[in-house]
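S.K.: Pasting a predicted model and its sequence here:
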Amino acid sequence: MNLVIFGPPGAGKGTQSNFIAKKFNLYQLSTGELLREEIKNKSDLGEKISSIINSGDLVSDNIVSELIERFISKKEYQNRIIFDGYPRNLAQAKNLDDLLKNNNQKINVVLKLSVSLKTIKKRISERKDLENRTDDNEETAIKRYKTYEKNSKPVIDFYEHSGLLRVINGERTINEISSEISALIEAI
Ligand code: AP5
Ligand code: MG
């Protein structure tokens, strides 16, 4: 099974992906984490993208597509990927369908975590003290949210249309959300 976990910054995509990956023996493919790794390693790509990430904009579709294709094409990840943070716009959603199709795979379910801006601000400001993400300051967090608002509607419509979308209330406790997601996956 391949699944997409979708939602605004701080919605709990990483938290829930991590839980699902362990419970169902899937692989968590977080594009944000992969990009942060590149920056940490000071690779050419990392140098190119660090200012974009720190501004709260999206990195180019081509760059992110190349990153995820490496995993989609590998046997060991076949039909066991959780896409955490991809796709983020309509072009990426269509590209993901194509990449999966070319590798005889598909998406089984898309989980959209719904969370208010108030909750997002609170979670991101609390995480700032725990993790050291350079994009977790308030200004960039708000910009990330605006980027999400600008791009998300066509993606949601796309998956709703294909019957894959499940909307999850992300305002509850981590455990309550995990339980709902577990039950949902088990029913597939
Ligand atoms: P990315 O790393 O994906 O960041 P994001 O989408 O802004 O989301 P976050 O990672 O901040 O939040 P999350 O939803 O994972 O929540 P989490 O579980 O951590 O992307 C970063 C950047 O990379 C982008 O801005 C862009 O520049 C670039 N990028 C990435 N993907 C891209 C793509 N496809 N195309 C182009 N560019 C791309 O939770 C947040 C906090 O809240 C944690 O501290 C957690 O412990 C806590 N928490 C979680 N759930 C709950 C709960 N239910 N109750 C209370 N606290 C909770
Ligand atoms: Mg995350």
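M.R.: Yes, it's here. Ligands and ions are numbered 1, 2, ... in the order given.

S.K.: Stretch 11-29: which residues count as buried?
M.R.: Neighbour counts using 16 or more other C-beta atoms under 10 Å place 11-21, 26-29 of stretch 11-29 among the buried residues. Bear in mind the C-beta positions are built from the backbone N, C-alpha and C, glycine included.

S.K.: ok, the residue lying farthest from the centre of the chain to ligand 2 distance?
M.R.: When distances to the mean C-alpha position of the chain are computed (C-alpha atoms, centre = their mean), the maximum falls on residue 44, with 23.4 Å. Note on residue 44: its distance to ligand 2, by C-beta to the ion, to the nearest Å, is 24 Å.

S.K.: can you pull the pLDDT of that residue?
M.R.: Taken from the predicted model, the pLDDT recorded for residue 44 is 96.

S.K.: Residue 170: what's it in contact with?
M.R.: Contact partners of residue 170, counting by C-beta atoms under 8 Å, 6 or more residues apart in numbering, are 7, 11, 12, 113, 114, 115, 119, 177.

S.K.: can you do 6 Å?
M.R.: By C-beta atoms under 6 Å, 6 or more residues apart in numbering, the contact set of residue 170 is 11, 12, 113, 114, 115.

S.K.: Quick one: neighbours of residue 8, just the number.
M.R.: Close neighbours of residue 8, defined as other C-beta atoms under 10 Å, add up to 24.

S.K.: so how far is the helix or strand containing residue 28 off the chain centroid?
M.R.: Using DSSP states H and E, the secondary-structure element containing residue 28 is strand 27-30. Once both centres are worked out by C-alpha atoms, centre = their mean, to the nearest Å, strand 27-30 turns out to sit 9 Å from its chain's centre.

S.K.: Could I get the CA-only coordinates of it as PDB?
M.R.: What follows is the C-alpha trace of strand 27-30 in PDB, where atoms were taken according to Å, rounded to 0.1, in the frame of the first residue of the first chain:
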ATOM      1  CA  TYR A  27       8.600   3.700   4.600                       C
ATOM      2  CA  GLN A  28       8.100   7.400   5.500                       C
ATOM      3  CA  LEU A  29       9.200   9.500   2.600                       C
ATOM      4  CA  SER A  30       9.300  13.100   3.900                       C
END
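
S.K.: tell me, which helix in the protein spans the most residues?
M.R.: helix 138-161 (DSSP state H).

S.K.: Contact partners for the residue nearest the centre of the chain?
M.R.: Centroid check for the chain by C-alpha atoms, centre = their mean gives residue 85 as the closest residue, at 1.6 Å. Remark: with contacts taken as C-beta under 6 Å, 6+ apart, residue 85 is in contact with 30, 31, 32.
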